[in-house]
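J.: when you get a sec, could you give me coordinates for this:
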Amino acid sequence: MTKVEGGSLIDPKWKYLSASSHRRSNVSQYCPRQPYIPLTLLVSDFPASALVRRLQLTTVSHDQGTSDNPDNDGTYEGSHTYFDVEVKEPTGHVRIRCQRLQKNIRASLEPRKHILCWVLDQESSDTAQNYNFGPSENSNWLSVIRGGDTIQIIPMAEYPGWINFVLEAHIEIWVEIIDTIDLRRSLTQALGVQPLYRQLDVSQKETRLLIIEPSADRESDVLQISLTYIYLTNNDHVQYEALSYCWGGGHEQRPILLKGLGASQPATQTFISRNLFVALKALRYEDRVRIFWIDQLCINQSDPEERAEQVALMGDIYASAKHVRIWLGESGETVSNDLSIIQSISDVYSQAKVSVYSQAKVSREGVLVHDGSIDDTIQAGASITPYTSHWAIRTDGGYAMNNDSVFQRQWFERVWVLQEVWNTPKNCSALELSKRVTVMCGSTELPWPVILRAGQCLRSRNGSNYNALIPAIWTILFKHSNSSGDLTQDYIAFVPQPRSDILTVLINSLEMRATDARDKIFAVLAFGEETHRVAELPDLIKPDYGKSAERVYIDFTRWWIQHHRSLGILSGVHTLTGRTWLDGSKCRDFGASNAGRSTTSTIPSWSFWSDGRSEWRRATLGIGDRGTYRASGDMKIGIDLLGLTMPSRPHVLALKGIQIGVIRSTDYYPFYRRPLISEAMHQVYAEIFDPASTIGTWGHGKTQTHLPVMDHGQFPYHYFTHWRDVSRDSLDSSSGQTDPDAPDYLPCHGKCMFFTETGVGLCPDGSQTGDFVVILFASKVPHLLRPSNTPGEYHFVGECYMEGIMHGEAFEGNNILNEETFFLV
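T.: Residues are numbered from 1 along each chain as shown. Next up, the predicted model:
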């Protein structure tokens, strides 16, 4: 063993990986949130048996050197520039939530070097050596890092005028390769010993139920389970409950005794996930059986055809259950306290419903105070919003909402749970809905609407990255109900929203997770206006586990284009990881272009996919609120052409269109130049790149503000983040640069302006010289295509904005159009 800086021991057998950067970077709250330096752990360097033993992060930085309150200058107190550390999965999803790494010394221009280290000992216990302000004194989080993950250091700043000046940073990691023997036994292995399942009758909507045998010893680890069968078409079927939960990691399994076919047959020992095992123990009664539908055991997981059939029945299964129990997992001190806080929010709300009052406060040991002031103008029947029902949540006199640990539970991000709580019986009243679904965490149980209410409060009152906000899809699927107008009722009710179009559902559920990428589509078909009759869908998009994940998304994208006679879904690629207008997944001026994903991926460049962020929909031209563009005029899509390549080359999409030009050069957009190149293009740039950070697409917050996109009060702060040597008097009242020799652009947005032989426009990250500007028929916006090595075939780069062609001008007058067929790969 050898010693390194900090005094910890290093085994010479451990593999050493590192990344360094000495690139100078200035970051304010207006800049896109981007990593300064990432380190991706290649699977070849980090096999499944590997374990991170030591992680050391080094930063050299300082802030702007001044502050409006000198009392804390020269200390870490009140510093609003800092670094975050985050670990992302290969998909772009967050493996380990963003954590505060290190603050700068407040109001100091002297560069400071900070070294932080976490060490995981041989027994995987918690030993930490944080020299300054590390994210946690618990080093156990190192054990969840996997091959393919990316560790990244992200410079941050809050409030106008605060700037994080980064000079260098280093990531160092030591990895131990551990020899392991897999001793796991799965349910499918048990099936080979004794047939537990018989075939289900699809015509009668048959499904299995789980009977949990009672045990006088609630702590006993002996779980006895048996199976029974029902027809959902029979309204007199046995009553049952349904469990909504997360499977958990497959590496942690526990044994149960499961009895399948025939009561006389002996029970078979089989293995289930640890999380389900703990849930079953918590649900088991002492003196009587309990009947549940639980997917892990009620579906033959080794039969892809049955899985697809039961997926199509999922809505009926959960709607027919008399009660749905959500299992969030075992509790802990922090979660228990936060659940108590959430209950207090519910209490305040309930009091507000039965009487309009001027002040109501609930406190938990001085940690959190709810000021429940209610506007005197509330009338009977008016909806009581999060703002009115709990006007503010305060900690130490300042706004904060950090009692959010319950929303960090994986359940809120699992895609299958959506329909498990959304599907409800017909003619179910608001009161019945308020009691039908409950949330369990350890021994604590709360009504589901209370949890939703707290999540809504977090999302509407605070958009900080340090809040665990529930994904956007929950607000799409559920709405607060006060339809009765009866404020004397003290319950909270959330009812399912009407269905939306399936593309809106898919984009808003991008943050949701699934072990199988196919489930990111299959699990949400029930919420789409055009897809909710799942059993009646065409084979192209009907759930089919016999297809690869790539083929599922290819077929869905093609079906959507055919069904809607539109190319709007092509703009959806800009909501996907590595395909956004402004790529926040890489360091600016570092790394290769992501626009060539199709050259290295099995996913065609034109296909929708499973990994992305719902807020990136705000930075698109062809979807969302910017529906006024009609670049292709009245040109219709060639439906026959769409199926041309299906039999032999499904990864190819054939579309008709015209070529407008070729990109000859790219440059930074001169946002501060006056006069403007174009008022319309200036507005598009502001809406896409959000230079005032009021939309919240790329910035340090997760939610939109109520400030205008063209907030001229914010633009100077962003400008002088990057151009410190330019006179403060050089910007006029419209944020225009009056000095012709001064820079007029924001380097953090990259080179997003392109020039062709005859025109100018805006392009997404990754666009290159030589890309074709085209208008594809039935598209609202123009697109960029990149010629491939095969003549006539193109990689789809994305949408673009180009002056003079956004409203069908190319098809007007006597313009000579050369119609072409473009084969996208």
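
J.: and the helix or strand harbouring residue 685, what's buried?
T.: Element membership for residue 685 (DSSP states H and E) is helix 679-689. Across helix 679-689, burial judged by 16 or more other Cβ atoms under 10 Å covers 681, 682, 684, 685, 686, 687, 688, 689. Placement of C-beta: from N, CA and C, glycine included.

J.: would you mark the buried spots in stretch 45-59?
T.: 46, 50, 51, 52, 53, 54, 55, 56, 57, 58, 59.

J.: against which helices or strands is the helix holding residue 685 packed?
T.: Identification of packing neighbours for helix 679-689 by 3 or more Cβ pairs under 8 Å, 6 or more residues apart in numbering; DSSP states H and E yields strand 760-762.

J.: in its sheet, what does the strand it packs on sit against?
T.: strand 753-755 (antiparallel), strand 801-802 (antiparallel) (DSSP bridges).

J.: pLDDT on that strand, on average?
T.: Averaging pLDDT along strand 760-762 yields 98.

J.: lowest average confidence, helix or strand, in this structure?
T.: strand 398-399 (a mean of 32; mean pLDDT, DSSP states H and E).

J.: and the next element down the chain from that strand?
T.: According to DSSP H and E, the helix or strand after strand 398-399 is helix 417-422.

J.: so which elements touch that following helix?
T.: Where contact means 3+ Cβ pairs under 8 Å, 6+ apart, helix 417-422 is packed against strand 241-244, helix 304-320, strand 323-327, helix 473-477.

J.: most packed of the ones you listed?
T.: Counting by mean count of other Cβ atoms under 10 Å, strand 241-244 has the highest mean neighbour count of the helices and strands packed on helix 417-422, with a mean of 22.

J.: ok so, going back, for residue 503, find the nearest of the strands paired with strand 760-762.
T.: Closest to residue 503 of the strands paired with strand 760-762 is strand 801-802 (Cβ to Cβ; 21.0 Å).

J.: give the next helix or strand downstream of the closest one.
T.: Downstream of strand 801-802, the first helix or strand assigned by DSSP H and E is strand 819-824.

J.: skipping adjacent residues, who's closest to the residue most central in space within the chain in space?
T.: Centroid-nearest residue in the chain, with Cα atoms, centre = their mean: residue 511, separated by 2.3 Å. Nearest-residue entry for residue 511: residue 471, 4.0 Å, with adjacent residues in sequence omitted and distances by Cβ to Cβ, 6 or more residues apart in numbering.

J.: ok, now how distant is the one you found from residue 46?
T.: Using Cβ to Cβ, to the nearest Å, residue 471 is found at 28 Å from residue 46.

J.: ditto for residue 729
T.: 53 Å.

J.: go on, residue 206?
T.: 45 Å.

J.: ok, now residue 76?
T.: For residue 76, the distance to residue 46 - Cβ to Cβ - is 34 Å.

J.: if we can go back for a sec, need the contact list for the residue nearest to residue 511.
T.: Residue 471 makes contacts with 412, 413, 508, 509, 511, 512, 614, as judged by Cβ atoms under 8 Å, 6 or more residues apart in numbering.

J.: TSV for the buried residues of stretch 45-59, including secondary structure?
T.: Output for the buried residues of stretch 45-59, formatted as TSV (DSSP: H, G, I helix; E, B strand; the rest coil):
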residue	secondary structure
46	coil
50	strand
51	strand
52	strand
53	strand
54	strand
55	strand
56	strand
57	strand
58	strand
59	strand
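
J.: and the gap between residue 649 and residue 206?
T.: From residue 649 to residue 206 the distance is 39 Å (Cβ to Cβ).

J.: so these two - more neighbours on which side?
T.: The neighbour comparison of residue 649 against residue 206 (other Cβ atoms under 10 Å) goes to residue 206, with 20 against 12.

J.: now the more buried one: closest residue in space that isn't a chain neighbour?
T.: In space, residue 206 is closest to residue 200, 4.4 Å off (Cβ to Cβ, 6+ apart).

J.: list the contacts of the one you found.
T.: So residue 200 contacts 206, 207, 208, 229, 306, 309, 310 (Cβ under 8 Å, 6+ apart).

J.: could you rerun that using 7 Å?
T.: 206, 207, 306 (Cβ atoms under 7 Å, 6 or more residues apart in numbering).

J.: how much space separates it from residue 502?
T.: On the measure of Cβ to Cβ, residue 200 and residue 502 end up 27 Å apart.

J.: equivalent analysis for residue 746, please.
T.: 36 Å.

J.: what does residue 554 give?
T.: Taken as Cβ to Cβ, the span from residue 554 to residue 502 is 16 Å.

J.: do residue 152 as well
T.: 33 Å.

J.: wasn't residue 609 part of a helix?
T.: No. Membership of residue 609 in a helix is not supported by three-state DSSP, which gives coil.

J.: pop out the phi and psi values for residue 196.
T.: Main-chain torsions, residue 196, degrees, to the nearest 10: phi -90, psi -20.

J.: doesn't residue 268 make contact with it?
T.: Yes. With contact defined as Cβ atoms under 7 Å, residue 196 counts as touching residue 268 (6.4 Å).

J.: neighbour count winner among these two?
T.: Taking other Cβ under 10 Å, residue 196 and residue 268 do not tie; residue 196 has more neighbours (20 against 17).

J.: with adjacent residues omitted, what lies nearest to that one?
T.: residue 260 (3.1 Å).

J.: what's the helix or strand for residue 99?
T.: Residue 99 belongs to strand 94-103, assigned by DSSP H and E.

J.: C-terminal to that strand, what's the next element?
T.: strand 112-120.

J.: can you give me the helices for the stretch 251-400 of the chain?
T.: 274-283, 295-298, 304-320, 333-354, 386-389 (DSSP state H, counting those that start in this stretch).

J.: take the ones you listed and write them to CSV, including mean pLDDT and distance to residue 418.
T.: Listed next are those as CSV, based on pLDDT from 0 to 100; distance: least, Cβ to Cβ, whole Å:
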stretch, mean pLDDT, distance to residue 418
helix 274-283, 94, 18
helix 295-298, 93, 14
helix 304-320, 91, 10
helix 333-354, 73, 21
helix 386-389, 43, 22
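
J.: with respect to residue 141, which of these lies nearest?
T.: With Cβ to Cβ as the measure, helix 333-354 is the member of those nearest residue 141 (14.9 Å).

J.: distance check, residue 167 against residue 86.
T.: 21 Å.

J.: of these two, which one has the most company?
T.: Neighbour tally, residue 167 and residue 86, criterion other Cβ under 10 Å: the higher count belongs to residue 86, 21 against 16.

J.: wasn't the more buried one part of a strand?
T.: Yes. Assessed by three-state DSSP, residue 86 belongs to a strand.

J.: how close does it sit to residue 141?
T.: 11 Å.

J.: need the overlap of contacts for these two.
T.: residue 96.

J.: can you get me a residue count around the closest residue to residue 641 other than its chain neighbours?
T.: Leaving aside its chain neighbours, residue 641 sits nearest to residue 654 (4.9 Å; criterion: Cβ to Cβ, 6+ apart). Applying other Cβ under 10 Å, we find 18 residues neighbouring residue 654.
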